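> what's the 3D shape of this:
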Amino acid sequence: MVPFWPPAPVIVSRAVIRAIGEGWAWILGRRRRIRVTGTSMAPTLAAGEFVLVDPHRRPSIGEVVVARHPHDDELLIVKRLTGRSPDDRLTLSSDNPTAGTDSRVWGPVDADRLVGVVTLVLDRAIGGDLRPPTPNGAQGSGGRDHRAAPE
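Just a heads-up that it's a prediction; the model follows:
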């Protein structure tokens, strides 16, 4: 028998390394885990998925964020940051605008309503698909406002 020496190198993708770092940040209390409900962010995010949120990072235009609804302090919403005014008010948009409300309905949101930036998606269907939220411009079918419930 021929020994398998030296052992074959283990190849780890950047996504896995990033996911491990985000997992540690969550364990250490530096991230919040939130469950997504609704369809207004489809296909980027699906109902039932969990996201990790960084409450300390200032978001950039195009990133997915979690904020408090402008008319209901108890309701968290998941939207894409699509604009920032000079007075630091945020324009939040749905990836699936036919499925919910966003800044088109309630106008820009005060920056102090921001909960954090989504840093990682934990896909509930595959049970471990770790991916960053990315814009893809696709449209989904109708539904209700995309809401998030803290876990």
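
> name the nearest residue to the residue nearest the centre of the chain, ignoring sequence neighbours.
Per C-alpha atoms, centre = their mean, the C-alpha nearest to the average position across the chain is that of residue 118, at 3.5 Å. Spatial nearest neighbour of residue 118, excluding adjacent residues (C-beta to C-beta, 6 or more residues apart in numbering): residue 64 at 4.2 Å. All C-beta atoms are positioned from the backbone trio N, CA, C, and that covers glycine.

> again, but for residue 61
Closest to residue 61 by C-beta to C-beta, 6+ apart is residue 81, at 5.8 Å.

> what do you get for residue 40?
residue 100 (3.0 Å).

> so that neighbour sits right up against residue 36, yeah?
No. Shown here, residue 100 and residue 36 do not form a contact pair, counting by C-beta atoms under 8 Å, at 11.9 Å.

> ok, the two, which is more surrounded?
residue 36 (27 against 23; other C-beta atoms under 10 Å).

> can you give me the end-to-end distance of stretch 43-61?
The separation between the terminal residues of stretch 43-61, taken as C-alpha to C-alpha, to the nearest Å, is 19 Å.

> next one: it to chain centre, how far?
Here stretch 43-61 is found 1 Å from its chain centre; the criterion is C-alpha atoms, centre = their mean, to the nearest Å.

> tell me the strands beside the lengthiest strand in the chain, with direction?
Across the chain, the strand with the greatest residue count (assigned by DSSP state E) is strand 72-84. Note on strand 72-84: by DSSP bridges, its sheet partners are strand 64-69 (antiparallel), strand 89-93 (antiparallel), strand 147-150 (antiparallel).

> got the contact list for that strand?
34, 36, 40-41, 44-45, 51, 59-69, 90-95, 102-103, 108, 115, 118, 135, 145-150 (C-beta atoms under 8 Å, 6 or more residues apart in numbering).

> can you give me the buried ones in that strand?
Buried positions in strand 72-84, judged by neighbour count with 16 or more other C-beta atoms under 10 Å: 76-82, 84.
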